[in-house]
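S.K.: Here is a sequence with its predicted model. Questions after.
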Amino acid sequence: MEDITISGTPKTPTVEFLQEEGTLLIKGRSIPENSIEFYKPLIDWIGAYAQSPKENTEVSIKLEYFNTSSSKCILDVFKKLESVGSSVLIKWYYEEDDEDMLEAGEDYDAIINLPFKMIEVDEI
């Protein structure tokens, strides 16, 4: 199983899904032209990872902004992570003055059956 490493652009986030480390990172801005097309390989990767996950899986979400279509795809990522079966922790990073991003993380936390840790940072 190959890791996924995607460099971020002004419209798409940086992605680092590292199987051996059991870490997943999505960072930056998520406003791709086609969110489903961008996120599908990530969701497929999580499905393959779920076949032999690490004992602990750490997911770091460090988004400064995402659009509505990305929000649905991010929810799909979280739903797929529920199937991993091992211990999964979602670290949701938000800037200290970004109430919208904190609220988005809290909304996902209320929907998804995985532990979320809200982490306030100075800058993403």
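M.R.: Cool, the structure landed. Numbers count the residues shown, from 1 in each chain.

S.K.: Please enumerate the strands of the protein.
M.R.: For the chain, the strands defined by DSSP state E cover 4-6, 14-18, 23-30, 56-66, 87-95, 116-121.

S.K.: could I get the ones you listed as TSV with mean pLDDT?
M.R.: What follows is the strands of the chain, written out as TSV (pLDDT from 0 to 100):
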stretch	mean pLDDT
strand 4-6	98
strand 14-18	98
strand 23-30	98
strand 56-66	97
strand 87-95	97
strand 116-121	98
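
S.K.: Surely Met1 touches Glu20?
M.R.: No: between Met1 and Glu20 there is no contact under C-beta atoms under 8 Å: 9.5 Å. (Each C-beta comes from the backbone N, C-alpha and C, glycine too.)

S.K.: higher neighbour count, these two?
M.R.: Between Met1 and Glu20, counted using other C-beta atoms under 10 Å, Met1 has the larger neighbour count: 11 against 8.

S.K.: Can you give me the distance of Ile43 to Asp122?
M.R.: 31 Å (C-beta to C-beta, to the nearest Å).

S.K.: When these two are compared, which one has more neighbours?
M.R.: Comparing Ile43 with Asp122 by other C-beta under 10 Å, the one with more neighbours is Ile43, at 15 against 7.

S.K.: what's the distance between that one and Leu102?
M.R.: To Leu102, Ile43 is 25 Å away according to C-beta to C-beta.

S.K.: Same question for Phe17.
M.R.: 25 Å.

S.K.: Who has more neighbours out of those two?
M.R.: Each of Phe17 and Leu102 has its neighbours counted (other C-beta under 10 Å); Phe17 has more, 22 against 17.

S.K.: Leaving out sequence neighbours, find the closest residue to the more buried one.
M.R.: Counting by C-beta to C-beta, 6 or more residues apart in numbering, the nearest residue to Phe17 once its immediate chain neighbours are dropped is Ile4, at 4.2 Å.

S.K.: For Ser83, the count of nearby residues, please.
M.R.: 12.

S.K.: Distance of it relative to Tyr39?
M.R.: Computed as C-beta to C-beta, the Ser83 to Tyr39 distance reads 16 Å.

S.K.: got it, and Gln51?
M.R.: To Tyr39, Gln51 is 20 Å away according to C-beta to C-beta.
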